[in-house]
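Asker: No sequence on hand, only this structure:
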C-alpha cells in the first residue's frame, strides 16, 4: 500500500543551482512525490524533524485529525517527521511520520538515496508498509543554534550563538537576558535561505516552531 504523505514548503523563486550535498545528509527542503508540498528537514535537539513549509494550495487545515482541538490548525508549519533518531551503523533515521490525509501517525524511516533524493517508508503496526521518494529542492541546513539550548546540552561560556531570523533573535534574548538587535531587513523575494525567516519563507528555522520545541522540552 503506497503511503501518501501530505506536506509543503513555499519556494518563491525556486533554486536553479543546488550546493553539492553529502549523501548521508537528510536535511534541507524536499518536494514530495506528487508535488503538492515540500518538507523542510532539520536536526533539532539531536533528532531529525520535518515540517510543512510550502503548500501548492495555501491555507490547508488539519481537518482529518481525530483530535477535535487540532482540526482547525494550519498545515503550514505542521510537524510531519517526528523525533527521528539515527540508526547505528547506517545512514537511516527512524521515528514517526504524521499523515494529514488520514490524521494518523506511522512508524517511519528516512534514508538518503544520493545527494538529491530521500526515501521515506512508513508502516502501520509493523506491516502494511508503503513509501515514496522525495526530491531535493534546497541545500542541506546547518545545525540550528537552538540545539545548544536543548536539555542536557553543555552550557557555553562564551557569547550566545547567533540565531536565525526574528524567532531566533527572540530565543537568544530569552536565553541570555540581553536585548537582541533587530534582525536585518529581508532581501528580495526568493533570496531567503532554508532555515531563515524572510519574505519568501514563512516557516524559517523549524526547530523554533512551538510544536517541535515543545515536544523536545
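Answerer: Sure, I can see it. In this text the structure is predicted, and so the values were computed from the model without any measurement.
Asker: Residue 204 and residue 94, how far apart?
Answerer: Here the criterion is C-beta to C-beta, to the nearest Å. By it, residue 204 lies 26 Å from residue 94. No exception for glycine: its C-beta is placed from N, CA and C like everyone else's.
Asker: show me where pLDDT drops low in the protein?
Answerer: Counting by pLDDT under 70, the chain contains low-confidence ranges at 1-23, 126, 145-200, 216-217.
Asker: what about 80?
Answerer: Low-confidence segments of the chain, defined by pLDDT under 80: 1-24, 125-128, 143-200, 216-217.
Asker: where exactly do the strands run in it?
Answerer: 28-31, 37-44, 47-55, 79-86, 93-99, 104-112, 117-124, 127-138 (DSSP state E).
Asker: Dump those strands to TSV, plus mean neighbour count and distance to residue 208.
Answerer: Listed next are the strands of the chain as TSV, based on neighbours: other C-beta atoms under 10 Å; distance: least, C-beta to C-beta, whole Å:
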stretch	mean neighbour count	distance to residue 208
strand 28-31	26	16
strand 37-44	27	9
strand 47-55	25	10
strand 79-86	20	12
strand 93-99	20	19
strand 104-112	19	21
strand 117-124	20	22
strand 127-138	17	18
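Asker: could you dump the ones you listed to JSON lines with distance to residue 215?
Answerer: What follows is the strands of the chain, written out as JSON lines (distance: least, C-beta to C-beta, whole Å):
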{"stretch": "strand 28-31", "distance to residue 215": "21"}
{"stretch": "strand 37-44", "distance to residue 215": "9"}
{"stretch": "strand 47-55", "distance to residue 215": "9"}
{"stretch": "strand 79-86", "distance to residue 215": "7"}
{"stretch": "strand 93-99", "distance to residue 215": "11"}
{"stretch": "strand 104-112", "distance to residue 215": "13"}
{"stretch": "strand 117-124", "distance to residue 215": "19"}
{"stretch": "strand 127-138", "distance to residue 215": "22"}
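Asker: for those, which one sits closest to residue 144?
Answerer: Minimum separation from residue 144 across the strands of the chain (C-beta to C-beta) falls at strand 37-44, 6.0 Å.
Asker: now that closest one against strand 47-55, angle please.
Answerer: Going by axes from the mean of the first three to the mean of the last three C-alpha atoms, to 10 degrees, strand 37-44 is angled at 150 degrees with respect to strand 47-55.
Asker: Can you list the helices and strands that strand 37-44 packs against?
Answerer: Applying 3 or more C-beta pairs under 8 Å, 6 or more residues apart in numbering; DSSP states H and E, one finds that strand 37-44 makes contact with strand 28-31, strand 47-55, strand 79-86, helix 210-216.
Asker: Turn those into TSV, including distance to residue 116.
Answerer: Formatted as TSV, the helices and strands packed on strand 37-44 follow (distance: least, C-beta to C-beta, whole Å):
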stretch	distance to residue 116
strand 28-31	9
strand 47-55	16
strand 79-86	18
helix 210-216	25
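Asker: Which one, of those, ends up nearest to residue 70?
Answerer: Between residue 70 and those, the tightest spacing by C-beta to C-beta is seen for helix 210-216, at 10.2 Å.
Asker: who's in contact with the closest one?
Answerer: 44-45, 47, 49, 51, 77-79, 82-83, 146, 150-151, 206-207 (C-beta atoms under 8 Å, 6 or more residues apart in numbering).
Asker: ok, of the residues you listed, which one's closest to residue 105?
Answerer: Of the contacts of helix 210-216, the one sitting nearest to residue 105 (C-beta to C-beta) turns out to be residue 82, at 7.4 Å.
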